[in-house]
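Fold the following, please.
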Amino acid sequence: MQKLKSEKHVHLTESVVRKLAQNRITTILEFLHEDSDKISNLTKLSLPQVLEIRSDILNKYSAPIVNGSTLFNQFSKKKVLSTGIVSLDDALDNGLPLGFITEICGLSDSGKTQLCYQVAINCVINAENTVLYINTKGDFSAVRIQKILEGMGLSHKDMALIMYKIRVVFIWTMEELIELLQKIKNKTIVIQNLSMIILDSLPCLMFQHLGDSNKTGLAYLNMMVNYSRYICDTFNIAFVCVNILTRWIEHDVSDLEDEEETVSISKEVYLERRNRCLGKYWQHIPVTVVILEKGQILMKPNGNNSQVISATVVKRNNLECYHSFTIVINDLGVTMQ
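Modelled structure (predicted):
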């Protein structure tokens, strides 16, 4: 907490601050916690003067008071952005929430990037929207986007316009990501009709900071979250963050006893545990979480095979839920099964 200083208030003179420090009241928090009558006796200030100082400090440092109707109006303005995938929109209560962070998570090769491609295309195809696609893996495929658009039967002119509205930027470090978000926040970088930011993916930037004893990675993650939340709320856009699901196999040996012969038998048990990356801090950041899992492959005679993806919405609008559905990934992009 900040230190008490004489310039904080007209009654907080240097002599008053010195008397408070002699009684181990050196910070604003300690001043607020202390009894007003005791402070008045220590500093020789009148009780109304002490209460005036307390009131001024609370007005400066407390969160603004918002009544219920104002808060309801703020939330009622929040809308959703349709993904263009009916089953996903139904599971997400009509689409991605605007003003908040959404997480798409899954094991490696579970279709996370393919889903992001499709959502980006659907967002801009029939609207004056722009998508900022932040790629941290260096594997963004414009060819894949083009093939999906060709499968829709679009002309080269329409394809060029759609691909132009998907702005791609390559980021390699958390410092670069924070700098980019800061420039968007300060409007140093202005993207017309920005409706969604896709970050694919965040763990690629954070892995280099895992195990930091100085908590540098956590500090970077906290800054990224604060900037992202501000951008989402101020510009009323959707923010999609790709995360990775990890698998942990735990080996357990349990003893089974035969009741008749009392023979002890050791049975090996393997338990699988799956965790979302980025630690405990991140678990409460996204308001919506979609987990993808690769399913079976649908073989076609013409060789145009499809990959079935099982998707589950485990968190929606900050509430736990369990809404499962399936999607299919093929040359035409992401479709319903």
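
Where do the strands of the stretch 151-300 of the chain begin and end?
166-170, 194-200, 238-257, 264-276, 288-298 (DSSP state E, counting those that start in this stretch).

mean pLDDT for these: which is lowest?
Here these differ in mean pLDDT, and the lowest is strand 264-276 at a mean of 71.

circling back: please identify which of the strands of the stretch 151-300 of the chain is closest to Val17.
strand 238-257 (43.9 Å; C-beta to C-beta). Where you see a C-beta, it was placed from the backbone N, CA and C, and this is true even at glycine.

follow-up on the earlier one: I'd like the strands of the stretch 151-300 of the chain as TSV, with distance to Glu150 appended.
Listed next are the strands of the stretch 151-300 of the chain as TSV, based on distance: least, C-beta to C-beta, whole Å:
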stretch	distance to Glu150
strand 166-170	15
strand 194-200	22
strand 238-257	24
strand 264-276	35
strand 288-298	21
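
and the ones you listed, which is most packed in?
strand 194-200 (a mean of 23; mean count of other C-beta atoms under 10 Å).

ok, and what's touching that one?
81, 96, 112-113, 116, 119-120, 123, 127, 129-137, 140, 177, 228, 231, 235, 237-242 (C-beta atoms under 8 Å, 6 or more residues apart in numbering).

Okay, and which of those map to helices?
Lys112, Thr113, Cys116, Val119, Ala120, Cys123, Leu177, Ser228, Ile231, Phe235 (DSSP state H).

Show me how to select, in PyMOL, the buried members of those.
Those of these that count as buried under 16 or more other C-beta atoms under 10 Å are selected in PyMOL with:
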select buried, resi 112+113+116+119+120+123+177+228+231+235
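
What residues of stretch 38-54 count as buried?
In stretch 38-54, counting by 16+ other C-beta under 10 Å, buried: Ile39, Ser40, Leu42, Thr43, Leu45, Gln49, Val50, Ile53, Arg54.

what about the second one, is that helix, strand or coil?
This points to Ser40. helix (DSSP: H, G, I helix; E, B strand; the rest coil).

So it sits against Ser46, correct?
Yes - counting by C-beta atoms under 8 Å, Ser40 touches Ser46, with 6.6 Å between them.

In contact with the residue lying closest to Glu175 once chain neighbours are set aside, which residues?
Using C-beta to C-beta, 6 or more residues apart in numbering and skipping the chain neighbours, the partner closest in space to Glu175 is Tyr220 (7.5 Å). By C-beta under 8 Å, 6+ apart, the contact set of Tyr220 is Met174, Glu175, Ile178, Met206, His209.

tally of neighbours for the residue nearest to Gly95 when sequence neighbours are not counted?
Spatial nearest neighbour of Gly95, chain neighbours left out: Val80 (3.5 Å); criterion: C-beta to C-beta, 6+ apart. Val80: 16 surrounding residues under other C-beta atoms under 10 Å.

pLDDT of stretch 40-51, averaged?
For stretch 40-51, the mean pLDDT works out to 90.

Regarding that stretch, how distant is the last residue from the first?
In stretch 40-51, first residue to last residue: 9 Å (C-alpha to C-alpha, to the nearest Å).

what comes into contact with that stretch?
Contacts for stretch 40-51 (C-beta under 8 Å, 6+ apart): His11, Val16, Lys19, Leu20, Asn23, Ile25, Ser36, Asp37, Ile39, Ile53.
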